[in-house]
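K.L.:
Okay, here's the prediction I keep looking at, along with the sequence it came from:
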Amino acid sequence: MENIFTYLRWRGDLSFTQSPFCEVDALVLARLSYIPFEGFVEGDFAHTTPLGEMAADFLRQPDADKRVLMQNDITLLRMIAENRRFRDVRLCGYRNLRDAGQEMQFSAVTFRFVEPDAPAVCVAYRGTDNTLIGWKEDFNMSFMEAVPAQRRAVAYLREAAEQTEGEMLLCGHSKGGNLAVYAAAFCGQGLQARIGSVYNFDGPGFGEKVIGQAGYQAICGRVRTFVPQSSVIGMLLEHEEQYTIIHSTQTGLYQHDIYSWEMERASFRRLATATNSSRMVDRSLKDWIASMTPEEREKF
């Protein structure tokens, strides 16, 4: 199977000048946002850390394999540490916040590129972690117009934009994809003009109130959403943007795992339609949620 690791072996020795930034590069950065960068990356945007150096330092920790959410993350870091394409990309602005009172789990990191032909900045939002707070906030999305992590995502993007220059990309997987789209939609017209693309990897959509906002409509054409063929998470709520269906070697909910997504050289292996089971679950969930008031959803 050709997956994200195959891509890094194929493109790992090529600069962004030789092979332009692509959708798989965005997926690599989205997955790296799950790494616990505490002690390795600063929280401000002035002090930057080379990605290759950070990966090597992280792997030297005796408990490195216990810190990550998935063991494949260790393999990813090993490849990044030796990878010409990514090792000189700089990290900064790491935030990892949890607030039980607000029922908020939020994390983001900013990647700054040194090559002139690469995008200047990529803001990557982390998806749901393994905490109860994180999962609770996900459910809150079904009845709240904006959850705390979404508002925090907007504030973070504005802060990153104030302290960087050039074109900005946004990316995220799962809830991180939702945060990336929300931040791009509500950051303001001036900042929106700097955003080239928003990469949403199997992230849930939004309620009708959000989709109807002018900010969402203005950014919608620059949002690139990717979902596996039997997606459940990425099909939740509403998507106005076009989405691309890609092939996963897993089944059911396990297709949410980006390490199961198949590649074809510098892009994903695309499919024409989602599976019947995905469409059935999509219709059932949307109909079920639409049949309840926000108060009923909150109680449930």
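P.N.:
Noted; the coordinates are in hand. Numbers count the residues shown, from 1 in each chain.

K.L.:
Please count neighbours and contacts with C-alpha atoms only from this point.
P.N.:
Fine.

K.L.:
Let me see the confidence value for S284.
P.N.:
On the pLDDT scale, S284 is placed at 62.

K.L.:
Tell me the secondary structure of L76, please.
P.N.:
Applying DSSP: H, G, I helix; E, B strand; the rest coil to L76 yields a three-state assignment of helix.

K.L.:
how far away is it from G212?
P.N.:
For L76, the distance to G212 equals 38 Å [CA to CA, to the nearest Å].

K.L.:
A108 now?
P.N.:
26 Å.

K.L.:
Looking at those two now, which is surrounded by more residues?
P.N.:
Neighbour count, other CA atoms under 10 Å: between A108 and G212, A108 has more, with 27 against 12.

K.L.:
which other residues reach the helix or strand hosting that one?
P.N.:
Counting by DSSP states H and E, the element that carries A108 is strand 104-112. For strand 104-112, contacts defined as CA atoms under 8 Å, 6 or more residues apart in numbering pick out 33, 89-99, 120-129, 133-134, 137, 147-149, 152-153, 156, 160.

K.L.:
Show me the shaky parts of the stretch 201-300 of the chain.
P.N.:
The model of the stretch 201-300 of the chain has pLDDT under 70 over residues 232-241, 273-290, 297, 300.

K.L.:
Please disregard the earlier target; I meant the stretch 1-150 of the chain.
P.N.:
Within the stretch 1-150 of the chain, the ranges that satisfy pLDDT under 70 run 99-100, 102-104, 129-145.

K.L.:
what ranges do the helices span in it?
P.N.:
With helices called from DSSP state H, counting those that start in this stretch, the stretch 1-150 of the chain shows them at 4-11, 23-32, 51-59, 64-67, 72-81, 132-140, 148-162.

K.L.:
now the stretch 201-300 of the chain
P.N.:
Listed in chain order, the helices of the stretch 201-300 of the chain (DSSP H, counting those that start in this stretch) span 208-211, 214-219, 276-290, 294-299.

K.L.:
among the helices of the stretch 1-150 of the chain, which is the most enclosed?
P.N.:
Comparing the helices of the stretch 1-150 of the chain by mean neighbour count (mean count of other CA atoms under 10 Å), helix 23-32 ranks first with a mean of 21.

K.L.:
contacting residues around it?
P.N.:
Contacts for helix 23-32 (CA under 8 Å, 6+ apart): 4, 7, 73, 124-126, 171-173, 176, 199, 201, 258, 266-268.

K.L.:
can you rerun that using 6 Å?
P.N.:
Residues outside helix 23-32 that contact it (CA atoms under 6 Å, 6 or more residues apart in numbering) are 124, 171-173.

K.L.:
Relative to the whole chain's centre, how far out is that helix?
P.N.:
8 Å (CA atoms, centre = their mean, to the nearest Å).

K.L.:
could you check the angle helix 51-59 makes with it?
P.N.:
40 degrees (axes from the mean of the first three to the mean of the last three CA atoms, to 10 degrees).

K.L.:
would you put the C-alpha positions of helix 23-32 in CSV?
P.N.:
Written as CSV, here are the backbone C-alpha positions of helix 23-32 (Å, rounded to 0.1, in the frame of the first residue of the first chain):
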residue,chain,number,x,y,z
GLU,A,23,-2.3,18.2,-0.4
VAL,A,24,-0.2,15.4,1.1
ASP,A,25,2.3,17.9,2.5
ALA,A,26,-0.7,19.6,4.2
LEU,A,27,-1.7,16.2,5.7
VAL,A,28,1.9,15.6,7.0
LEU,A,29,1.7,19.0,8.9
ALA,A,30,-1.9,18.3,10.1
ARG,A,31,-0.7,15.0,11.6
LEU,A,32,2.4,16.6,13.2
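
K.L.:
now the angle from it to helix 4-11?
P.N.:
Using the same axes, to 10 degrees: helix 23-32 against helix 4-11 is 130 degrees.

K.L.:
Can we start the residue count at 14 from this point?
P.N.:
Done: numbering now begins at 14, and the last item shifts to helix 36-45.

K.L.:
Okay, angle between helix 36-45 and strand 117-125 too, please.
P.N.:
Comparing the axes of helix 36-45 and strand 117-125 via the same axes, to 10 degrees yields an angle of 130 degrees.
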